[in-house]
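*Asks:* just coords:
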C-alpha cells in the first residue's frame, strides 16, 4: 500500500487544537490566511502526494539512483523526474517563498505539512526539493544583488535545485576541520578546489542546473570554524558551459536509495562568495532551525507511514485467539485480527501518541518560525525565536529517533512478513535511520540543547519558554495540572545539572540525551493535554493515543529524571569527598 | 574490519565467574571436561571463526544468495561452500552431538560459544549449520530406527543439512492454521503436498542432500494445532532420485542475505512420519529452548560485532574537542578521539554491559540444558529444566532486541559513515532485526513467559527459580544485596499481576513485554554482581561496563515495575468501581 495523507487529522490539530489560522492571520504577511484557505491547500497537497509521489517509493528503493562512471551522470529512479516536474509545475516548492521571489507567500506550517507528507510518502524523492529551501533563505539573506538576481527565483521555484556541500572525509560533525580551498580571482570570482562527501543531490537528472553552496577556506584563513567562508558554485556557469564541479561516485547506503548521496570534486571550479569571508558557517546555518524542523517532520511522516502499514495489516491479518472474544470474530474464524491482540494495539496506539503529539509541537514550531520573522512586536519575535532555538533540537532528535524505534515496533506487527521487502515496512526503517544522523547527529542536538542553550544561564531562558506553555494549561484539569508539575520538575533538574556541572564539566555531556528526552516527554504532556481538551473523552481517534501516551510513553519522564538526578548526586558526593557507595554506580 | 573472537573474555566468564568446568565435570558425560580442554576448544573455535568465516560476511550481504529460476537451484555467496566444508571437516557441527552419533560429546556451552561467535562473524552463513541441531535432536528423540540409521549421523556431522518447514502464508505465529497435507501410502511412507514459506536453507549448494522436517496434516486430522504431525522429507530419496520438494523462490529481505529464505513446494513428495500422528508440534518443539537460546546468542554475538566496529572507529576517529583535555590529545590534534567524548563512551560501555551480562546468563543456561539432560539427581534435572523454561524466552527476546537497539546506538558512533555500507555497521542492524521475529516473535516470548509460565501458579515456580540465584549472592555486599531486593520486587509484582488478571484477563497480555524486560534487568543485576565480585574494582575491562550497567541500564527496572504496577492498580480500581482519575490513564 502507498502512503495516504489524511488532511482531516492535520486540520483538527492545526485549526481546532492550535487555532493556527487565527494566530497566523495576526502576522502581517498572512492577513488573508484563514481556515478555508489552509484546508484547501492541505487537501490539494494531500492529493498530490498520495497520487503522484507515494506510488514511486518502492522503485525509489529497489531501483534507486544509478551513477554512470563514464559520464559522471546520476540517473534518478523511474518516475522521479516526471514527478519532480509536476511538483514544480504545481508551485509546491515555492509555497512558502516570498511573493517577490515568485513564491506563494503562505505560512511555514503549510510547507511543513507538505514536507511531512512527502517524506512519509517517499523520503528519497523528498530530499531533492527539501534542500532548496535552505539555499533559498541563505542566498536571500547573504547573497549579493548579482547572485540573487541570477539564482533566487530559480531556486525558489525549484527550477534549479541546490545542495549544501559541508562534509569532507576528515570533517563530519566537526566542520571546522574542512580544507576545501577557494582562491579569489581578479574578476571577483573564486577558484574552488577540494572534495566534499555526503552531498545529497550533488548530481541528478531532475533539473538542468544545480547550485552548490560550498564551505571553503580562503587563502590565509585561520584554522578552525572561523576560517570558513561560503561559496556558490553552479553546475552550469552563466554562459551555459559546464563548471568543474563533478560527482565522482554515489554512496551505497542502508536506505534512502531514491536520493543520490554524492562525493563531489571541485577542480578549480568557478564560484562566488556568499556573505562575508570567515562567516561561512553562520551563513550556512541561517536556516538551521528550519532544516532541523524538517528532519523532525520527516521523522513524524516516516513513523506515520509505518503506522499506516501496520494498522492496515493488523486489521486484515488473523493469527491466534485474542484473550477476550472480540466483536470482529465471525463463526468461521479460528483466529482473531491482530488489532484485537492487546500487545499489537499497544504498539499501534503508542506510535499514534508519538505522531500526533509531536505533530502539534512541530506545527507550533513552524508557526513560531513565521512569528520570529513577521510578528509586529519585537518582543513577540524574540519569544518566537527563543521557542525555535530551544525546541527544534528536541524535535529533531526525538522525532527522528522515534521514527526508527517506532517503525521497528510497527514492523513487529507483521511478524516474519515485516522482514520481507514486499511489504515496504522494512524500507521505512532503513530510510528513517539517516534522520538520526544528518543535520547534526542526535548526540549533537542534545549537547546543543543542554550545554549550549540551557546551561549558560542556568536554564532561565528555557524556563521562560516553558512558562508560555504552562500558561496555556488549565490547572483545574487533572492532566493539565500534571503537565504543569512536570514542567516545574524540568526546571528544577536544569538547575541541578548547572550546579553539578561546576563540579564535573563532563556531566552535562553524559546526560544530555536524557535531558533532551525529558524535555520531549514534557512537551508531549502539553500536546496531549491540549488535544484531549479539544477532542473530549469520547472520540476514540484521539482518546486511544491519549491513553497510550499516559500509560506507555509518559513513564519515561521519571526514568530520565531519575537518571539525571542520580548522576548529579554522584557528582556532588564525589565533590564533597563522600565515600563511594552503591548509588554512585 | 572482520569480527575477531576474544576467547579470553569467554574464559573469564565461563571459568572464573561461573566456574563451569567444575559444574560440568559433575555431570557424568563430561567427567573428562576441564578448563584446559574448554580453553583449547575456545581458542580453536575463535581461530576458525575469525580466519575462515568472518571474512565472508560482506560478500554474503552484498552478493547474497541467488535463485536460478530455470533449475530451481540456490547459489550461496562466494566462499560459503568452501567455508562450510571446512566447518564440517573440522567437526564443528558435531561438537556437542553424542559420541554414539559421531559427535564429540562436548558440553552445550562450547557449542553456544561457537555459535555466538559464528553469528557475530557472519550471521547469514551461520543459519545453515544452526538449523541442524534442532533436526538432530528431534530425529534422535522421535525418529524410528530406520530414519535414525539413515539420517542421524549425516545430520549430526553436518554432511546433510536440515530445515524446519513450519510457516505457511496464512499460518505464521499461529501454526495451528497450517494446511499442508500428508497422505499415508501402503509402504508406510507419506505423500506430502502443500506450500511452506520462510524456510531458511530450503535449497542451497552447501550439501548434496537436505532433510526437511515438515508440519503436515494427515487425512481426517482435527483442525488446529492438535491435528498437526511431523514428516521427514528429504531432497534426495534413498535411491538417489530427486524428491518432489522444490524451492519456488527466495525472499528479498531486509538483511541476512547470506541465508536463502525459501518458499517450498511439496508436490506429492515422499516423506515419513516422525513421532506420533497429531504430535507434530511437540516433536518440532523438542529443541525449542535450545533454539531460542541460540537466537539469544545470535543477538549477543551481533551486538558484540557492532560494538567491536564502533569501538575501533572511536579509537581512531577524531572529531571535536572533548569537554576535558584527554591524555590522547597530541600537540597537533585540533580534535579528540571519539572515545574521549562522554556520550560515545556511554554508548560503548552500555553495550558492553548488555553483552557481558547477557553472556553470563546464556552460558549458565547452556550449562543448565546439559544439567537438565545429564544430572544424576532427578531433582537437579528438574531444577535445570525449570531454569531453561523460564529464562530462555527472556534471553531470546531481550538479547535479540538489544542486538538491534544497541547496534543502532553503535551505528550512531560513526555519524554519517554509519549509514554507508562500506563500514559494515548497518549490515549488523539489518541482519539483527530478524532475531526479534523468528523462533517466536518477541511478543510471543513475553506472553509465553508471563501468561503460560509465571501466572498459572501465581509465580511460585518462577520464585523458586529466582531463589537459586538469590542464594548465590552475598548480602553483605551492597550491589549483591541490591540484586536480592530486586528479585523480591519481581516476585511481588508477579503476584500483583496474577491478582489483577482475575479482574481483567487482557492485562497480562498488555504488560507481558514490560514484565519480560523487568526479569531481564533483574537477571543482569545478578550477572554484574557475580562479575564484579570476581573481577574486583580495578580491572577497567569489567569495571567500566559494571558502572554503565548501574547508571544506564538498571534504571529501566523502576520504569517497568512502575508501568506494571500502575496497570494493576487501574484494573483493581476499575474492578472496585472507583471513579476515573488521571492515574487510570
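*Replies:* Arrived safely, thanks for sending. Bear in mind that the values here come from a model prediction, so they are computed numbers and not experimental data. Residues are numbered from 1 along each chain as shown, chains lettered A, B, ... in the order given.
*Asks:* do you know how far the nearest residue to residue A:309 once chain neighbours are set aside is from residue B:171?
*Replies:* If the residues on either side of it in the chain are set aside, residue A:309 comes closest to residue A:425, at 5.1 Å by C-beta to C-beta, 6 or more residues apart in numbering or on different chains. Any C-beta I mention is one placed from the backbone N, CA and C, and that applies to glycine too. According to C-beta to C-beta, to the nearest Å, residue A:425 and residue B:171 sit 20 Å apart.
*Asks:* and what of residue A:9?
*Replies:* 35 Å.
*Asks:* so what does the helix or strand bottoming out on mean pLDDT in chain A touch, helix or strand wise?
*Replies:* Ranking every helix and strand in chain A by mean pLDDT, DSSP states H and E puts helix A:280-284 at the bottom, with a mean of 90. Secondary-structure packing of helix A:280-284 (3 or more C-beta pairs under 8 Å, 6 or more residues apart in numbering or on different chains; DSSP states H and E): helix A:132-142, strand A:210-217, strand A:228-234.
*Asks:* distance to chain B, mean pLDDT and mean neighbour count added to the ones you listed, as JSON lines?
*Replies:* Shown next, in JSON lines, are the helices and strands packed on helix A:280-284 (distance: least, C-beta to the nearest C-beta, whole Å; pLDDT from 0 to 100; neighbours: other C-beta atoms under 10 Å in any protein chain shown):
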{"stretch": "helix A:132-142", "distance to chain B": "17", "mean pLDDT": "95", "mean neighbour count": "22"}
{"stretch": "strand A:210-217", "distance to chain B": "14", "mean pLDDT": "97", "mean neighbour count": "25"}
{"stretch": "strand A:228-234", "distance to chain B": "14", "mean pLDDT": "97", "mean neighbour count": "25"}
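*Asks:* go through the helix or strand hosting residue A:84 and flag the buried ones.
*Replies:* Residue A:84 belongs to helix A:80-89 when elements are defined using DSSP states H and E. The neighbour-count check on helix A:80-89 (16 or more other C-beta atoms under 10 Å in any protein chain shown) flags A:80, A:83, A:84, A:87, A:88 as buried.
*Asks:* just curious, which of those is nearest to chain B?
*Replies:* residue A:80 (20.6 Å; C-beta to the nearest C-beta).
*Asks:* give me the nearest residue to that closest one, chain neighbours excluded.
*Replies:* Per C-beta to C-beta, 6+ apart, closest to residue A:80 is residue A:125, 5.8 Å.
*Asks:* now swap in residue A:65 and tell me
*Replies:* Per C-beta to C-beta, 6+ apart, closest to residue A:65 is residue A:260, 4.0 Å.
*Asks:* show the model's pLDDT score for that neighbour.
*Replies:* Listed pLDDT for residue A:260 reads 98.
*Asks:* residue A:289 too?
*Replies:* 82.
*Asks:* ok now do residue A:127, which residues does it touch?
*Replies:* Contacts for residue A:127 (C-beta atoms under 8 Å, 6 or more residues apart in numbering or on different chains) come out as A:200, A:201, A:256, A:258, A:259.
*Asks:* OK, contacts around the fourth one?
*Replies:* Residues near residue A:258 by C-beta under 8 Å, 6+ apart: A:56-57, A:60-61, A:64-65, A:76-77, A:80, A:122-125, A:127.
*Asks:* repeat that for 6 Å
*Replies:* Applying C-beta atoms under 6 Å, 6 or more residues apart in numbering or on different chains to residue A:258 gives the contacts A:60, A:77, A:124, A:125.
*Asks:* and what of the last one?
*Replies:* Listed by C-beta under 6 Å, 6+ apart, the contact partners of residue A:259 are A:124, A:127, A:200.
*Asks:* could you find the closest non-adjacent residue to residue A:442?
*Replies:* Closest to residue A:442 by C-beta to C-beta, 6+ apart is residue A:397, at 4.0 Å.
*Asks:* which helix or which strand is home to residue A:379?
*Replies:* Counting by DSSP H and E, residue A:379 is found in helix A:378-413.
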